[in-house]
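Novice: got a predicted structure here, sequence first:
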Amino acid sequence: PLASDLDSLARGGPERVEREFKEVMESRVAGGSDEDAAQAYGTKKVYSSKLELARDMSLSPEKPFVFVMLHAFNDHPHSHYGPMLFRDYYDWFAQTLRFAWDFPDVNWLFKEHPSADWYPTRDVRVADSFQGSPDHVLFLPKDADFSTRSLFHVADAVVTVAGTAGVEVPASASVPSILA
């Protein structure tokens, strides 16, 4: 089925690909495609200006905004995508957080996975990892009044281990991303 879908899109030309992509993204951003999208994009606040975001989050508006979109740690933690650069999603998170601490010229915003409640961990409380963080590192819990739609307007880069934000945001808003 996937091959025939791709063939059909290719025969429709770039206009069809663009139209169908926009339809899919409009549905996701409206929270209509699945529960993850509803949690991520939902009815939370959309920031359209870096100045407003910096003010509300007590960050420097002069620094770039890099969003680290966390994955649910026990949702295929050794990845069903094949070999990874890290042992698992937690290893990626811990190393990325250590890296962020060492680069104060960037605002690092770590966004908890919107469906983290569906993947409870007994040995890790993500928020605890941010105690004592420097001012340029911020944790946004899943229930923060912050819509992922904001990334289309304020992100300078997106970093994720395997999340859809690493594909959706660049494709929708030309924001560079790193997928580990």
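Specialist: Sure, I can see it.
Novice: which stretches in the protein count as helices?
Specialist: 2-29, 35-41, 50-57, 89-101, 151-154, 165-173 (DSSP state H).
Novice: quick one: closest of the ones you listed to Ala180.
Specialist: With Cβ to Cβ as the criterion, Ala180 lies closest to helix 89-101 of these, at 5.3 Å. No exception for glycine: its C-beta is placed from N, CA and C like everyone else's.
Novice: could you say what helices and strands that closest one packs with?
Specialist: strand 65-69, strand 107-111, strand 137-140 (3 or more Cβ pairs under 8 Å, 6 or more residues apart in numbering; DSSP states H and E).
Novice: who does the residue positioned nearest the centre of the chain form a beta bridge with?
Specialist: What sits nearest the mean C-alpha location of the chain, by Cα atoms, centre = their mean, is Met69, with 3.4 Å. Judged by DSSP bridges, the bridge partners of Met69 are Lys111, Thr160.
Novice: can you get me a residue count around Ala162?
Specialist: 18 (other Cβ atoms under 10 Å).
Novice: what's the closest non-adjacent residue to it?
Specialist: Spatially, and ignoring its direct neighbours in sequence, Ala162 is nearest to His71 (5.7 Å; Cβ to Cβ, 6 or more residues apart in numbering).
Novice: does the one you found touch Thr160 like I think?
Specialist: Yes. The criterion here is Cβ atoms under 8 Å, and His71 meets it with Thr160 at 6.8 Å.
Novice: circling back to that earlier point, which among the helices and strands packed on helix 89-101 is found nearest to Asp156?
Specialist: Short answer: strand 65-69, nearest of these by Cβ to Cβ, at 5.2 Å.
Novice: low pLDDT regions in the protein?
Specialist: 1-2, 24-25, 27-42, 73-82, 115-120 (pLDDT under 70).
Novice: and for it, the residue most distant from the center?
Specialist: Quick read of the chain (Cα atoms, centre = their mean): farthest out is Arg11, 31.9 Å.
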